[in-house]
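>>> how does the following fold in three dimensions:
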Amino acid sequence: MSQPRVLVVDDDLALLQALPEALRLRMPGVTVETADSGAAALDRMAARDYDAIVTDIKMPGMDGLELLAEIRTQRPDTPTLMITGHGEHDLVVQALRSGAYDFIPKPIDRDYFVASLRRAIEMRELSRRVKEQQVALERHLNELEAIVEERTRELRDTNKVIESPLRFLMGPSGQMEKIVQQIKQVADSPLTVLVEGETGTGKELVARAIHQLSPRRDKPFVAVDCGAIPDTLIESELFGYEKGAFTGAHQRKEGQFQLADGGSLFLDEVVNLPLPTQAKLLRALQERQVQPLGSKRPVRVSARIIAASNVPLAREVRAGRFRQDVYFRLNEFGITLPPLRERDDILHLANEFLPEAGMELGRPCRRISEAAAQTLLRYHWPGNVRELRNVIRRAILLASDMIEPEHLAVLPVDGSAEIASPAHRGEPAPVESSLKEIAEAAAADAERQAIRRVLETTKGNKSEAARLLRTDYKTLHVKMKQYGIDAGPFRELSAS
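Residues are numbered from 1 along each chain as shown. Predicted coordinates for the structure are as follows:
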């Protein structure tokens, strides 16, 4: 608290001299000023603020009660003590009702007077701090309200993404307008849909759009990556099993068909299904029922099937790796997604990914510079839309308000290479690489060559290859995607 300042108002000059002296003795550091009339007191109040005011209740001209009314109007937070004479009870009551802090009867008890004045000053200081905190709190609340309003607006924009499953498909692209039209046409039908296209072109997005635009939208959407499940487990995963069906089956488990009952079942990379499983899939598609392992009774299911393949299934049928009858059953309605390099909406997609990634990462980025846009357009995009989305997410982490070419350094300058890191591709490192980079590239190349040799030995059987490489099936699947290795050609070699 700063040095307190007190104003004493009285027409008695003797009292004007005695009270300040008493206050200075008993309250060191206090500043006391005086006024011999109500009018003079108002002039003092206009010039400065006081921590407390002491005034006689009876004065010529403007009396104490009139002065109190002015104080309450001009300085409502300044405590006022009223000096009263003997027998002025009614005036005391009126003063207290009018907002006086306390009354000091004559003859003045200086100890009581000082104690009351000290409490008044402390109360005023406490009131001032409370008001400062209230102002700070209101300012903070206003800032929070502004933030909430901004986030609500951003969330509303994000909700539009969720509400419109076609948002990342619709754009200034003739190819995609056709795709969107096909999705809308088939969504309300019971037809089984086959979606074909390179990895990363958005096949699952199409499947989810079909589901969300269909009458099944309120039922489950179940996605199964057929390429990530070992051949020995795929049937139990799809169709379920009963307790005791095999070693380790300690309890009954529903398959993905049962979990998707009433909704949609998305079979991604359906080309990886073994031929025996394809036969059971055909039965499930035709009869709308599945036979869990270990069960004597089939189970009725009504899941709508949407399948996807990153290689043309017709080619796999000709090569004898996929059943023709299953292909025809899956391909009741076909949708083929073009690779991103053949589309003319790369910048549209990149700008659509900006608010989504900004919300996810908490780093709003407003736009893409013209130079960065040219970098995006020159790149070949082997990873298609998925790669574009990841590139934008990484750029937002590096950028502030605008994405520039340096934030896209992960892309090769000439756009010819598929992935920025030679080690990631399993290729030799450039001559100017560091020792660490050379070692990483050599290790990746050895890993790629080992996977190819084992796939050749196992005739494309990924489960057997994972066993020989002493790794799990999913790790092998990820590595094959990383190095761009497809098991199909190895099966072709064995067939020929």
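>>> helices of the stretch 351-496 of the chain, start to end?
According to DSSP state H, counting those that start in this stretch, the stretch 351-496 of the chain carries its helices in the segments 370-378, 384-398, 422-425, 435-457, 462-468, 473-483, 488-495.
>>> so which of these gets nearest K253?
Among those, helix 473-483 comes nearest to K253, with 18.7 Å by C-beta to C-beta. For glycine as for every other residue, the C-beta is placed from the backbone atoms N, C-alpha and C.
>>> got the angle for the closest one vs helix 435-457?
110 degrees (axes from the mean of the first three to the mean of the last three C-alpha atoms, to 10 degrees).
>>> output the contacting helices and strands for helix 473-483.
helix 435-457, helix 462-468 (3 or more C-beta pairs under 8 Å, 6 or more residues apart in numbering; DSSP states H and E).
>>> which outside residues touch it?
199, 227-230, 424-426, 444, 447-448, 451, 462-463, 465-466, 469, 485-487 (C-beta atoms under 8 Å, 6 or more residues apart in numbering).
>>> cutoff 10 Å now
199, 225, 227-233, 269, 272, 310, 383, 419, 424-427, 444-445, 447-452, 454-455, 462-463, 465-469, 471-472, 485-487 (C-beta atoms under 10 Å, 6 or more residues apart in numbering).
>>> kindly reformat the helices and strands packed on helix 473-483 as TSV containing distance to Q289.
Shown next, in TSV, are the helices and strands packed on helix 473-483 (distance: least, C-beta to C-beta, whole Å):
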stretch	distance to Q289
helix 435-457	36
helix 462-468	27
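>>> tell me the most buried of those helices?
The highest average neighbour count among the helices and strands packed on helix 473-483, using mean count of other C-beta atoms under 10 Å, belongs to helix 462-468 at a mean of 19.
>>> contacting residues around stretch 286-299?
By C-beta under 10 Å, 6+ apart, the surrounding residues in contact with stretch 286-299 are 235-236, 238-246, 249, 252-258, 261, 280-281, 283-284, 300-303, 325, 329.
>>> so A308 makes contact with G334?
No. Proximity of A308 to G334 does not meet the contact threshold set by C-beta atoms under 10 Å, at 11.0 Å.
>>> more neighbours: which of the two?
A308 (28 against 14; other C-beta atoms under 10 Å).
>>> the more buried one in helix, strand or coil?
With DSSP: H, G, I helix; E, B strand; the rest coil as the basis, A308 sits in strand.
>>> so what's the residue count around W381?
W381: 24 surrounding residues under other C-beta under 10 Å.
>>> which residues touch it?
Contacts of W381 by C-beta under 10 Å, 6+ apart are 198, 200-201, 339-343, 346, 387-388, 391, 411, 415, 418.
>>> can you flag the buried ones in the residues you listed?
For the contacts of W381, a burial check counting by 16 or more other C-beta atoms under 10 Å picks out E198, G200, T201, P339, L340, R343, I346, E387, L388, V391, L411, E418.
>>> any idea of the pLDDT on the closest residue to the fourth one other than its chain neighbours?
Yep, that's P339 we're talking about. Nearest non-adjacent residue to P339, counting by C-beta to C-beta, 6 or more residues apart in numbering: E198, 4.9 Å away. pLDDT for E198: 90.
>>> and E198, what element?
Counting by DSSP states H and E, no helix or strand carries E198.
>>> could you do the one 10 residues further on as well?
R208 belongs to helix 203-212 when elements are defined using DSSP H and E.
>>> ok now the very next helix or strand once past that helix, how far from the chain's centre?
Counting by DSSP H and E, the next helix or strand C-terminal to helix 203-212 is strand 221-225. Relative to its chain's centre, strand 221-225 lies at 24 Å (C-alpha atoms, centre = their mean, to the nearest Å).
>>> okay, strand 221-225 in CSV with CA atoms only?
Written as CSV, here are the backbone C-alpha positions of strand 221-225 (Å, rounded to 0.1, in the frame of the first residue of the first chain):
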residue,chain,number,x,y,z
PHE,A,221,-18.6,-48.8,-40.4
VAL,A,222,-16.0,-51.5,-39.9
ALA,A,223,-12.7,-51.3,-41.8
VAL,A,224,-10.5,-54.4,-42.2
ASP,A,225,-7.0,-54.2,-43.8
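>>> average pLDDT across that strand?
Rounded mean pLDDT across strand 221-225 is 93.
>>> that one pairs with which strands, and in what direction?
strand 264-268 (parallel) (DSSP bridges).
>>> sorry, back to before: got a ChimeraX select line for the buried ones in the contacts of stretch 286-299?
Buried subset of the contacts of stretch 286-299, written as a ChimeraX selection, criterion 16+ other C-beta under 10 Å:
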select :235,236,238,239,240,241,242,245,253,255,256,257,258,261,280,281,284,301,303,329
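>>> so which of the contacts of stretch 286-299 are in strands?
Of the contacts of stretch 286-299, the ones assigned to strands by DSSP state E are G240, Y241, K253, E254, R300.
>>> give the contact list for the last one.
Looking back up the chat, that one is R300. Q258, D261, E287, R288, Q289, V290.
>>> now the fourth one
With C-beta under 10 Å, 6+ apart as the criterion, the residues that contact E254 are F239, G240, Y241, A260, D261, V290, P292, V299.
>>> pick the one among those residues closest to G358.
Ranking the contacts of E254 by separation from G358, with C-beta to C-beta as the measure, puts A260 on top at 33.3 Å.
>>> which SSE is immediately downstream of the strand or helix carrying S116?
Secondary-structure assignment from DSSP H and E places S116 in helix 110-163. Moving toward the C-terminus from helix 110-163, the next helix or strand (DSSP H and E) is helix 174-187.
>>> given the helix or strand that that next one is followed by, what are its sheet partners and their directions?
Using DSSP H and E, the next helix or strand after helix 174-187 towards the C-terminus is strand 193-196. Neighbouring strands of strand 193-196 in its sheet, by DSSP bridges, are strand 304-309 (parallel), strand 333-336 (parallel).
>>> let me have those in a markdown table, extended by distance to E66 and mean pLDDT.
Shown next, in a markdown table, are the strands paired with strand 193-196 (distance: least, C-beta to C-beta, whole Å; pLDDT from 0 to 100):
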| stretch | distance to E66 | mean pLDDT |
| --- | --- | --- |
| strand 304-309 | 87 | 94 |
| strand 333-336 | 89 | 95 |
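>>> just name the most buried of the ones you listed.
Of all the strands paired with strand 193-196, strand 304-309 carries the top mean neighbour count, a mean of 26, counting by mean count of other C-beta under 10 Å.
>>> quick one: that one to chain centroid distance?
The chain centroid and the centroid of strand 304-309 are separated by 30 Å under C-alpha atoms, centre = their mean.
>>> tell me the angle it makes with helix 174-187.
Going by the same axes, to 10 degrees, strand 304-309 makes 150 degrees with helix 174-187.
>>> relative to helix 203-212, how tilted is strand 304-309?
Using the same axes, to 10 degrees: strand 304-309 against helix 203-212 is 170 degrees.
>>> give me the helices and strands touching the helix or strand that strand 304-309 is followed by, please.
Sequence order places helix 313-318 as the next helix or strand after strand 304-309, per DSSP H and E. Other helices and strands packing on helix 313-318, by 3 or more C-beta pairs under 10 Å, 6 or more residues apart in numbering; DSSP states H and E, are strand 193-196, strand 304-309, helix 324-330, helix 488-495.
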